[in-house]
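**Student:** model this:
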Amino acid sequence: MGERTRYEPGTFCWVGLAASDPAAATAFYTRLLGWQAEALPAGEGTYTVLRRAGEDVAILYRQTAQARAAGAPPHWTSYISVEDAGAAAARAGELGGAAVFREPFDVPGAGRVAAIQDPTGAVVSLWQPRPRIGATLVNDVGALCWNELATTDAGRAKSFFGELLGWQYQTSDTGGAMITNAGRRNGSIRAQTGQERGTPPHWLPYFTVENADDAARHAAQAAGARSCRPLKPAPGASR
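**Tutor:** Prediction:
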């Protein structure tokens, strides 16, 4: 079991789905992964906490009107735990080529969040717990197990996050870079594949399932999903 009560700063702590149709997205993931959903107030709107066996695993919220108007597709965002979201975002903005994508704001009763864009163009969120730490269950069936950056310039991304968050790296079996934070594996950074060229650099969250083939079939046959790329073996990872 991967139950968590805290995260070291610089550790991925959960993921959030910005959905154009939150009700449909909630129905899909609760059916696919056995999640339970609870809508909670967030300022003038709401967000949904997604749980597995009573433990928080992810969040879901409606895309902003600005994102929908700009044609941005629904997408998952990875969140990194930090001590001070405002200070971390400001530091990111000072580093060459990066920018604050969304200024820090409070999620009532949960935490403070900011979004940054690294020098290669990928967006990631910074989470300051107040008091919600993020996911209370990881590395278990139906829970987050990995975060991977697919980028056009892995070297530049590594340098940026190393300076911002103190990440260290090891070369992985596939030629990418395994991220280490506070002595633990914390995700990976790799060059985009040929199939991904032409799409902006982005973070990819991974969820544990008992059988990937069965989960893919269930997603397509019972939940109406489509496959974006074929199944393939992946190196094991722990957070």
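**Student:** give me the low-pLDDT residue ranges for the chain?
**Tutor:** The chain contains residues with pLDDT under 70 at 1, 222-223, 226-239.
**Student:** In it, mark out all the strands, start to finish.
**Tutor:** 12-19, 36-42, 45-52, 55-62, 75-81, 99-107, 111-117, 123-129, 144-151, 168-171, 177-181, 184-191, 202-207 (DSSP state E).
**Student:** Centre-most residue in this protein?
**Tutor:** Closest to where the C-alpha atoms of the chain average out (CA atoms, centre = their mean) is residue 78, at 1.8 Å.
**Student:** Enumerate every residue touching that one.
**Tutor:** Contact analysis of residue 78 by CB atoms under 8 Å, 6 or more residues apart in numbering lists 12, 15, 124, 125, 147, 187, 203, 205. C-beta: built from backbone N, CA, C; applies to glycine.
**Student:** Ok, residue 224 next?
**Tutor:** Shown in contact with residue 224 (CB under 8 Å, 6+ apart): residue 28.
**Student:** Show the contacting residues for the closest residue in space to residue 96 that isn't next to it in sequence.
**Tutor:** Closest residue in space to residue 96, ignoring its immediate chain neighbours: residue 119 at 6.6 Å, by CB to CB, 6 or more residues apart in numbering. For residue 119, the contacting residues are 95, 96, 97, 98, 153, 156, 157, 160, by CB under 8 Å, 6+ apart.
**Student:** rewinding a little: got the strands of the chain as JSON lines, with distance to residue 218 columns?
**Tutor:** Shown next, in JSON lines, are the strands of the chain (distance: least, CB to CB, whole Å):
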{"stretch": "strand 12-19", "distance to residue 218": "19"}
{"stretch": "strand 36-42", "distance to residue 218": "18"}
{"stretch": "strand 45-52", "distance to residue 218": "16"}
{"stretch": "strand 55-62", "distance to residue 218": "18"}
{"stretch": "strand 75-81", "distance to residue 218": "19"}
{"stretch": "strand 99-107", "distance to residue 218": "32"}
{"stretch": "strand 111-117", "distance to residue 218": "32"}
{"stretch": "strand 123-129", "distance to residue 218": "29"}
{"stretch": "strand 144-151", "distance to residue 218": "18"}
{"stretch": "strand 168-171", "distance to residue 218": "35"}
{"stretch": "strand 177-181", "distance to residue 218": "30"}
{"stretch": "strand 184-191", "distance to residue 218": "26"}
{"stretch": "strand 202-207", "distance to residue 218": "13"}
